[in-house]
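Q: Here's a sequence, model it:
(5 chains, ligands or ions: 4)
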Amino acid sequence: MATSVHSPKPEIRKRGEQTPFRRFVSDFIVSRLAVLGLFVLGLVVLIAIFAPLLAPQNPYDLAQLDILDGMLQPGTVGGGGYPYWLGTDEQGRDMLSAIFFGLRISLFVGLGSAILAFVIGATLGLTAAYFGGKVDAAIMRWVDLQLSFPAILVALLILSLLGRGVLNVMLALVIVEWAYYARTARAAALVERGREYIEAAQCLALPTSRIVYRHLLPNCLPPLIVIGTMQVASAIALEATLSFLGLGVPVTEPSLGLLISNGYQFMLSGNYWVSFYPGVALLVTIVAINLVGDQLRDVLNPRLKT
Amino acid sequence: RTQELVVGSQGDPSLDPHYMYIGTNVAFWRHIYGSLTMHDEEGRIGPSLAESYKLVDDHTWEFRLRDDVKFEDGSTLSAEDVVYSLNRVKSLPGNPSPYTVRLESITKFEAVGPSTVRITTDAPNPYVPDNLSQVAIVPQKATDGKSTGDFTSEAGIGEYGPYRVSSFSPGDRLVLERNEDYWGEKPHWKRVTFRIMPNDASRVAALLAKDVDLIDFVPPSDVKRLLETPDVAVHDGPSTRMIVLQLNFRDGKVGALTDASGRPLEQNPLKDLRVRQAISKAVDRKAIVERIMNGAADVATQVAMPGMEGYDSDLTMEAADPNGARVLLAEAGYPEGFGISIACSNNRYPNDARVCQAVGQMLARAGLQPKVETQPMSVLLKAMQGGDFGLAMLGMGAQGTRPQTLGHIVHSVDRDAGYGGYNFGGYVNPALDKNIADAVVTLDGDQRDQLMREAVKRTAEEVVVLPLYFQRVLTASRADLTYTTDPTEETLTWRAKPASK
Amino acid sequence: MSHVPMVEILNVSKRFGKAPTFGDRLARRFGGYRPQKTVHAIDGVDLGIAKGQILGLVGESGCGKSTLGRIVAGIIPPTEGVVRWHGDNANRPSQVEVRRAKPGIQMIFQDPMSSLNPRMRVAEIVGEAPLVHGLVPRRDINAYVDEQLVRAGLDPAYKKRYPHQFSGGQRQRISIARALAVQPEFLVCDESVAALDVSIQAQVINLFMKLRDELNLTYLFISHDLGVVEHLSDRVAIMYLGRIVEEAPTEEIFAMANHPYTQSLLAAVPRIENRKSSFAVVKGEIPSPFSPPTGCHFHPRCPHAFARCRSERPAIRQIAASHFSACHLNDGSA
Amino acid sequence: MVSYLLRRLPQAALTMLVMSVVVFVGVFAIGNPVDILISPQATATERDNAIRALGLDLPIWQQYWSFLVNLFQGDVGRSFVFNVSALHLIMERLPATLELALASTLLGLVIGMPFGLYAGLAPNSRVSTSIMAGSILGFSLPSFWVGIVMIMLFSVHLGWLPSGGRGDTVYWLGARWSFLTTDGLAHMAMPVLNLALFQISMVIRLTRAGVREVILSDYVKFARAKGLTETRIILVHVLKNILIPVITVVGLNLGTVIAFAVVTETIFSWPGMGKLIIDSINVLDRPVIVAYLMLMVLMFVVINLLVDLAYMVLDPRVRLESR
Amino acid sequence: MTIEVRDLSTHFRLSAGTIKAVDGVSLSVRRGQILGLVGESGSGKTVTGFSIMRLVESPGFIAGGNILFQGTDLARISEEEMRRLRGNRIAMIFQDPMMTLNPVLRIDTQMVETIRAHEKTSREEALRRARDALGMVGIPSPEERLKAYPHQFSGGMRQRVAIAIAFLHKPDLIIADEPTTALDVTIQGQILAEVQKLTSKFGTSLIWISHDLSVVAALADEIAVMYAGRLVEQGKVGEVLDHPLHPYTKGLIDSVPNRNRRGAALNQIKGMTPSLADLPEGCSFRTRCPREAEICKQVPLTREWLHDHTARCHRPYHPTEDFT
Ligand SMILES: Nc1ncnc2c1ncn2[C@@H]1O[C@H](COP(=O)(O)OP(=O)(O)OP(=O)(O)O)[C@@H](O)[C@H]1O
Ligand SMILES: Nc1ncnc2c1ncn2[C@@H]1O[C@H](COP(=O)(O)OP(=O)(O)OP(=O)(O)O)[C@@H](O)[C@H]1O
Ligand SMILES: [Mg+2]
Ligand SMILES: [Mg+2]
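A: Ligands and ions are numbered 1, 2, ... in the order given. The predicted model follows:
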């Protein structure tokens, strides 16, 4: 007797599965806060992209700046004939324009370094966990080494070897940050690789890279996303700290962090706006990134789905 | 508390007075030791441990010591102690920045009596008394055989100056107690605590929070705020430190001088006097002083300031003129300008990076394409040594009354004679060199001043460097204190006194 | 059955435990060393499975069934011994090469949740390997996956779901579908029906039998459910603490079990015919594999144990035509 | 345990060695410390003397070799700037940093865990959302900025806390500690909080994630089925399981806190290692940098070890396996 | 009557719709009796058990019905009152022995806390009782074993600890959710024997959830069969197994391997378990049923076809009908 498995009943099908994307969206919009975060983040990204069109001044063009317009209160009309809504810094840089342009650099540096560090760190961490043994030991000691190496020294080294520039700052941040991802990825992967679905994948003779990236990686993602959203924030903050220590992006092309650390020195002298508004912009950006990241993590985790 | 003064201090002291020659260290050892000579509030050199000194012949100085300088063990200062101290300066091991630069041209020092020291130089040296004001004299008995580390771990050895060390925790604080046996005028404060606070904002905050009574090296940007604060007083005075921009004179292609597309120019445009004049014209020193330095600086008209050797009151600094600069550039064959990098430190002088940017603005307005590069001093120095700059910022102090820019930047590199130590641009002008070298061996004051003035003038005409401004020494304190600043930037606590009501 | 064995396991052993590291060796030199714990998960096992045959492997939890299954499936290499495949003397490494081309041996795992990637949808879980191995063109994959799911008794409407959205039995069917999707010739079924309900179990067992008939599939069928093994297998091997203690054709095992362990196992099986019965109890816990008993592993629980059982490992020997057993009791009659 | 140690030690030593090579070459690449320190009017002889005095005249590999030789005699070198043993210099400032780092970690746990627990137990409540949003602040604002704002608020405007420095200290166990005096504690308050902000948010997030996972587990359900009170379930069953990842991450982070206390120490004039190392980096005081970094590596290894030990104490499953 | 469940419904509210995991289930267990609850995976056995314990977690909720435990309606009492009953008068044993014990707490902690959650006893007294309880379920040297952690126990021993915990307060009702499914036959035998002994000793009522008919046959007095959230048949074990009324029950019995000829295809129920979200109208077994008729499109009601033997079916096998 043959097994009689009935063909699927058509009525089950026709109720219509949601497309994955629609389901993702509907899961995501459960949190109003996250939607707000996404909206703000979208706005911030748009501002960053279209900064040259939106900003009244090109704050990176020294010829457009005039120190005679320096340190003007928010709202003052300067030599250019347009009002400085958020005031100016000591170089006569329109803070609004500087924030728009600074967002660009900060997002680029923050996201760029986080993504790169993620790719490198996760790959090494997964490799360490998947292969274990000597590979693991070597990678993890390297991680230890990296973690005990102060960011400042890395930045200084890169600065002196490669010179100053946004890309070099990013490089420094990647070098500093990849180890966090590696450590997290390894810890998660060690747990996951003991599970039988990895053995099943091996048994199906799937290529190792596929096992690592398609099977192991997605299951190690939640902690990595947590680290990731935090690292984007801390990359931006670290860039600010490097600027504070004089090792950040070039002064003539300030990022949000550099604006803050530049304005920091005016905090005590009452010219709050030089540091305050960039601080607010940075805060809003990072909060938005994290709200989105938090929700993303929950949505991407099928185990938490109800 | 009336007898106690807490100072928020930028520097972190080395208690060995012969180790690491940096300005802040001198201020610290002045509290606990002494020197043969000492400058007064105007910067004039006079006797101190030496009761008197005189020139015996062109090559010989003689110092007579006071007889009332008492050491801890009851003995008094002798010529042997002085000879010992000067020897110690020369032989202290492992010293990356020795005080020997202050013993320049001295070949011999000997005790010719219990309280007479004779010093011989290999060339006439008018600066000996000046130089010796920077060299500490320590008691031989107490310090012989002690290492630099011992001075720290034993919290001061053989102090006999106005104060003795009570305790020292590196990086945190240095506590001094008044030396009741001090030979000179006793300072007002029984107890002085230096709280070490390298961060500018932290010092200002500490003063505002009334955690300290006095802070040194006030950041210029905070002066306005402090002046507006009722219970705080700001004390400022001139400083001999001048901020200059050094130019690159190297031959051939220089990476930091480029055409519009970023390729190095075949010819170094800075070799053309008109270009240098244009750049100087472009820089609005007044605006920098007012806007960036918040008025806490004086526009430099030349490489010397009033009161210094070689100062020429006839030399003026023309007003900024970007259009005139453009015309000059066009004449020199650069109507579209050229790319020029401005290298500056960002952790060395007050507002260094900001000034640099402002200069960038001004050059841009004159049609150049400046590239402002600010770096920590450690990185900057390497770049400068490699000649990788168009303009580079440096701060130059004075040695007594002698403007250092001439010897260090304008004079061509002569390592053996100690000239041109910062001449990274490779400027060479034999006539000027001779001018400078002649001046420093001229014992007669007027004649020396004349020679110096010539050098200063030539430097200005040739636009060898771009003098920007002289810094001011900024100190702030509780409102009920008076303080007289020192042009050498030393923080000397006995200059702080309760204001008389 | 006298086929050439499709898979032959010769004197295979598997030990778990770390190889001593540099530090351990150093430590040993200074006397600070603790003996490393090793588990003899498999201890000198010989087995042969002929093409189209179903070998049932029965034993208690932790006795090494899954480990043996993994070795056969090529997921882990044996510490000692060889696994011969199609009579080739091919050992593992080259075997891996063979499997690269086509994953001919598939394993269906014990834990239905852990063996499914929780972040993949069913369609992907089942469809991934056939696509990677080029068994099905991309445009046909949907229909192919549906077919596999239906064959395993699952509604294809479920294929957009994640494993956690299924019950245990459904999950097991997903893994069966996944294994069958790569068209293997040999299936290692590790407790594949243990987690299923009786009605589904019947379907799956029927499915296995149908597949054997249609595709001439060969099975290593691991189970502790003697009822299922009895129904399905051609031969049965009984395992206790890493060793095969008895192996015989199915009828013979159930009719005339030789080894005392097999006998007590058979006695403990609940049968639907026995109502409100009291249970025959084999005394004692299963010993820890870290410190297995000396001699015959079963002797602490064996009602017939005598002195020799405590000291000497009984060899497995033939006691009847194609009936093998490892018990000292047989020596008297042999 | 012994074998574990013996296994880790050679690795640690190797890491330290690699570190020292990297630093040697790195600092060499940045520049020559003498050029930064020496007065410009120094003559060539003086400059050469200084360079020779610091041993910088030798080729880099020879400098490294003599460093190694000295290292095996227990000497990591003398600071160029202070002319005392670099190790001594660091050790002198280690307690200040250590007490800052430990206090902030403790604060992170004490504040972070309750908030995290709450946020995990009632994930959708308004308060939890606020906690989570608030925790973002902890790592999104640069700490120097937060530091100066704190000083302005608590020292300048309110006058509650001293603006910087270590305050009174007490000598104990061969080092001076601030936390044993009230004045010292007042001085510690702001730097500790400044440093703890990041930790607090991290602990909140970790705890919340842990709670949400553990709360779904069978053993928590079983605990409910046993009729335990919710309080006991949370404080014993849930908390003890969460403690494992939290301690691991917080422990590993301790090293990072120590290594990155630089900024906080600068702002609050805290005489710790961070300030020393940043100054040393600024003047390229290589012996101090090398000694500091090697010490950091060692510390990371030790912290890893302690974390592993803590792990063993907290998680009995690990305990058995490693024995 | 120890427990009487009337018309219990437990639903899960999901984004896709509401799932009726338990739909109008009524059952009752007398003192000292054992009820076997069988049914296939996903039929709602566990949810029924959790509903009685009031441990259904969001998004699930008890949608209706009464759970009368010794006269009190558990569905109506406060959470605190329920907590005092749990582990005390009603206990539960979970399916997976590996997951039910907290891995980081020692066995003694986990036992003592159960005792002290319901009784004011000294720690020593509680420890003594815990030790006795371990001894009772046949764990050798219980004194030392108390100090162990769960991972140091084998699965069978862990399940015995769980059983010991369940019996600590000599409860009136124990719900055992497939407690031997993860274990071996020999260990399963031991545990079944243990449970049998204890229930008869304490007069405990037992709801034994399983999908293994053979186990239930050997253990239970009564049997209740679930299908898709509904109870389809209930009666004495012998009655139901020998004379099943519901076609589903019969299908189940027929598919047990050793009731079939070896090697032949097993009798099986056609089709597959439907998703609870997509049940056919009327009788949910209708589409798989060999006896389907037009009437089955109406929801059948539970009816006592024979003495003490009920079924929810329009067209049950009549006991007189012959079947093989
Ligand atoms: N990767 C491993 N590392 C260490 N020990 C292992 C490993 N895998 C299995 N073991 C041990 O080997 C022994 C046999 O395990 P195996 O999983 O093969 O048993 P099993 O017969 O399949 O048991 P079950 O019926 O519970 O599945 C066990 O004692 C187990 O602890
Ligand atoms: N947390 C939950 N969320 C959504 N649906 C659930 C949840 N728990 C149970 N269900 C649904 O309730 C139904 C009944 O589940 P239950 O666990 O009671 O089945 P069971 O009879 O115990 O099955 P098994 O034999 O597999 O344990 C299932 O269809 C399941 O999908
Ligand atoms: Mg197994
Ligand atoms: Mg269940």
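Q: Stretch C:190-208 near ligand 3 anywhere?
A: No - if you take C-beta under 5 Å from the ion as the test, stretch C:190-208 misses ligand 3, and the best it gets is 5.6 Å. In this view, the C-beta of every residue, glycine as well, is placed from N, C-alpha and C.
Q: That stretch: end-to-end distance?
A: 13 Å (C-alpha to C-alpha, to the nearest Å).
Q: Same question for stretch E:177-195.
A: By C-alpha to C-alpha, one end of stretch E:177-195 lies 13 Å from the other end.
Q: Kindly report the same for stretch B:325-339.
A: Start to finish, the residues bounding stretch B:325-339 are 15 Å apart (C-alpha to C-alpha).
Q: One more: stretch E:293-302?
A: Rule used - C-alpha to C-alpha; the end-to-end distance of stretch E:293-302 is 18 Å.
Q: pLDDT of it, averaged?
A: Across stretch E:293-302, the average pLDDT comes to 88.
Q: Give me the buried positions along it.
A: E:Cys296, E:Pro300, E:Thr302 (16 or more other C-beta atoms under 10 Å in any protein chain shown).
Q: neighbouring contacts of it?
A: Residues from elsewhere that reach stretch E:293-302 (C-beta atoms under 8 Å, 6 or more residues apart in numbering or on different chains): E:26, E:231, E:281-283, E:286, E:289, E:310-315.
Q: just the helices in the stretch 151-300 of chain C please.
A: C:168-180, C:198-215, C:226-232, C:250-255, C:260-268 (DSSP state H, counting those that start in this stretch).
Q: Now tabulate these in JSON lines and tack on mean pLDDT, distance to ligand 1 and mean neighbour count.
A: Formatted as JSON lines, those follow (pLDDT from 0 to 100; distance: least, C-beta to the nearest ligand atom, whole Å; neighbours: other C-beta atoms under 10 Å in any protein chain shown):
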{"stretch": "helix C:168-180", "mean pLDDT": "82", "distance to ligand 1": "14", "mean neighbour count": "26"}
{"stretch": "helix C:198-215", "mean pLDDT": "80", "distance to ligand 1": "17", "mean neighbour count": "21"}
{"stretch": "helix C:226-232", "mean pLDDT": "86", "distance to ligand 1": "13", "mean neighbour count": "24"}
{"stretch": "helix C:250-255", "mean pLDDT": "89", "distance to ligand 1": "18", "mean neighbour count": "18"}
{"stretch": "helix C:260-268", "mean pLDDT": "86", "distance to ligand 1": "13", "mean neighbour count": "21"}
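Q: Next, count neighbours for A:Phe108.
A: A:Phe108 has 16 neighbours, counted by other C-beta atoms under 10 Å in any protein chain shown.
Q: nearest spatial neighbour of it, skipping sequence neighbours?
A: A:Val166 (7.0 Å; C-beta to C-beta, 6 or more residues apart in numbering or on different chains).
Q: Repeat that for C:Ala177.
A: The shortest distance from C:Ala177 to any non-neighbouring residue, by C-beta to C-beta, 6+ apart, is to C:Ala152 (3.9 Å).
Q: Go ahead and confirm that neighbour touches C:Gln170.
A: No - counting by C-beta atoms under 8 Å, C:Ala152 stays clear of C:Gln170, with 9.6 Å between them.
Q: mind listing what the closest residue to C:Val193 other than its chain neighbours touches?
A: Leaving aside its sequence neighbours, C:Val193 sits nearest to C:Gln201 (C-beta to C-beta, 6+ apart; 4.6 Å). Contacts for C:Gln201 (C-beta under 8 Å, 6+ apart) come out as C:Val193, C:Val228, E:Ser255, E:Pro257.
Q: helix, strand or coil for A:Gly228?
A: Look at A:Gly228: counting by DSSP: H, G, I helix; E, B strand; the rest coil, its state is helix.
Q: what residues are up against B:Thr485?
A: Contacts of B:Thr485 by C-beta under 8 Å, 6+ apart are B:His235, B:Asp236, B:Gly237, B:Ser239, B:Val473, B:Leu474, B:Thr475, B:Arg495.
Q: just checking, which of these belong to helices?
A: Among those, none falls in helices (DSSP state H).
Q: and which of the residues you listed is nearest to A:Gly121?
A: Using C-beta to C-beta, B:Leu474 is the member of these that lies nearest A:Gly121, at 46.8 Å.
Q: What does the pLDDT read for D:Leu98?
A: pLDDT at D:Leu98 comes out at 88.
Q: you'd agree it is up against D:Val257?
A: No - contact between D:Leu98 and D:Val257 fails when scored by C-beta under 8 Å: they sit 10.2 Å apart.
Q: Between the two, which has more neighbouring residues?
A: Between D:Leu98 and D:Val257, D:Val257 has the larger neighbour count (other C-beta under 10 Å), namely 21 against 18.
Q: With adjacent residues omitted, what lies nearest to that one?
A: In space, D:Val257 is closest to D:Ala101, 4.5 Å off (C-beta to C-beta, 6+ apart).
Q: what about the closest residue to ligand 1 within the stretch 101-250 of chain A, neighbour count?
A: Per C-beta to the nearest ligand atom, A:Gly194 is where the stretch 101-250 of chain A lies closest to ligand 1, at 8.0 Å. A total of 11 residues lie near A:Gly194 under the criterion other C-beta under 10 Å.
Q: Can I get stretch E:43-54 in PDB, CA atoms only?
A: Taking Å, rounded to 0.1, in the frame of the first residue of the first chain, the C-alpha atoms of stretch E:43-54 are listed here in PDB:
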ATOM      1  CA  SER E  43      -3.800  18.500  19.500                       C
ATOM      2  CA  GLY E  44      -3.800  20.600  22.700                       C
ATOM      3  CA  LYS E  45      -2.800  18.200  25.400                       C
ATOM      4  CA  THR E  46      -0.100  20.300  26.900                       C
ATOM      5  CA  VAL E  47      -2.200  23.400  26.600                       C
ATOM      6  CA  THR E  48      -4.900  21.600  28.500                       C
ATOM      7  CA  GLY E  49      -2.500  20.700  31.200                       C
ATOM      8  CA  PHE E  50      -1.100  24.300  31.400                       C
ATOM      9  CA  SER E  51      -4.700  25.600  31.500                       C
ATOM     10  CA  ILE E  52      -5.500  23.600  34.500                       C
ATOM     11  CA  MET E  53      -2.300  24.900  36.100                       C
ATOM     12  CA  ARG E  54      -3.200  28.400  34.900                       C
END
